[in-house]
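Q: Pasting the sequence and the predicted model now:
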Amino acid sequence: MFFLLRAAFWLSLVIIFLPADRQASGDAPSVNAFQAISAAHDAFSDFSQFCTRNPDTCVTGGAALQVFGEKVRTGVKLISSAFGNHSKAGSGGAQTAGNGTLTPDDLKPAWHDPAKGNAAT
């Protein structure tokens, strides 16, 4: 939710500085940048007091965000397990065997005599 508020803020800021079409605006009221910033400050001040006016709503919203976060973590775990465990950077480059089905002998490369080419013996 915080992401949406930030995105709305920055989008509004960009829109404020775009030039207006004078022909289309007609009788539209004129608002300068100082008035717009003052109005945005007042709106933010009012929004920041929302939880003091509506504590039950904030508690419910916090619980909903916690459940959402848990669902995101569960989804990430499911996706991670579906694609297997890959080694992290800096761990020496060794990867663990998928689900433990390979033995150390299976992981060893086949030996071949360099003099004979790539034929395995």
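A: Done, it's in.

Q: what about Cys51, how many neighbours?
A: Other residues near Cys51 come to 14 when the count uses other Cβ atoms under 10 Å. No exception for glycine: its C-beta is placed from N, CA and C like everyone else's.

Q: ditto for Ala36
A: For Ala36, the number of neighbouring residues by other Cβ under 10 Å comes to 14.

Q: That one belongs to a helix?
A: Yes. Counting by DSSP: H, G, I helix; E, B strand; the rest coil, Ala36 is found in a helix.

Q: quick one: pLDDT of it?
A: On pLDDT, Ala36 comes in at 80.

Q: In contact with it, which residues are there?
A: By Cβ atoms under 8 Å, 6 or more residues apart in numbering, the contact list for Ala36 reads Ile16.

Q: That one and Cys51: what is the separation?
A: Taking Cβ to Cβ, to the nearest Å as the measure, Ala36 falls 26 Å from Cys51.
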